[in-house]
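[1] build me a model:
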Amino acid sequence: MGVSEDLTSAGISVRDQYLGAAQVRALLECLPKRQARGEFAAARVGAAATLRQDVGVRGDLTCWLAEPLFPAERELLLGFEQLRMQLNRDLTLGLFELDLHYAWYPPGAGYARHVDQPHGTADRRLSLILYLNENWQAGAGGELEIFDAHGGCRQIEPLAGRLVCFLSAGREHAVRPAYRDRFSITGWFRARA
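    The predicted structure is shown next:
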């Protein structure tokens, strides 16, 4: 089964080794370069006029994937474009564009339970997280928790190369505090507003 089939059957897809070790390493090497350019900032919550920093809700640092891009980032975007076209063919989701950012959770940081569609919007159709954590050990925290409508919770470890996709509408999820630096590339495929 592939991502499309997973989304059809469960609304969630977890694909291990979506990226190989060399691709993960190349993306990790982009992080200090972007940090040196001053591109990481404390993440904020809310929308428009209510946008604010609240480390009690969200403690990560983010850096949007924007020009100038590094070669590893361009390669990743090409792969995600192929995924977008495949999902549109298979599921007719109307995915049009992709917003992506690096998410860096320092030790102790997490993200409280939330949904990826801000109140009153519906353009974020598919959420995705690509993990960049080499040699992640059980017990290091940082798991993605995805909640279902029946009160259940699925925990997903942030293993290097693992891609998690889920339909954004109403899907509550959280990031458990990590006990070491936790890195991912996170974002949304959007439909036209």
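[2] quick check: longest helix in the chain by residues?
    Assignment by DSSP state H gives helix 71-91 as the longest helix of the chain.
[3] helices along this structure, start to end?
    3-10, 21-28, 30-36, 71-91.
[4] go through those and find the least confident stretch.
    Across these, the stretch with the lowest average pLDDT is helix 3-10; it has a mean of 92.
[5] any buried residues in that helix, and which?
    Judged by neighbour count (16 or more other Cβ atoms under 10 Å), helix 3-10 contains these buried residues: 3, 4, 6, 7. C-beta: built from backbone N, CA, C; applies to glycine.
[6] biggest separation within these, which pair?
    With distances taken as Cβ to Cβ, the most widely separated pair in those is 4 and 6, at 7.3 Å.
[7] for residue 32, list the residues it contacts.
    Neighbouring residues of residue 32 by Cβ atoms under 8 Å, 6 or more residues apart in numbering: there are none.
[8] and it, how far from residue 98?
    For residue 32, the distance to residue 98 (Cβ to Cβ, to the nearest Å) stands at 24 Å.
[9] okay, now residue 131: neighbour count?
    27 (other Cβ atoms under 10 Å).
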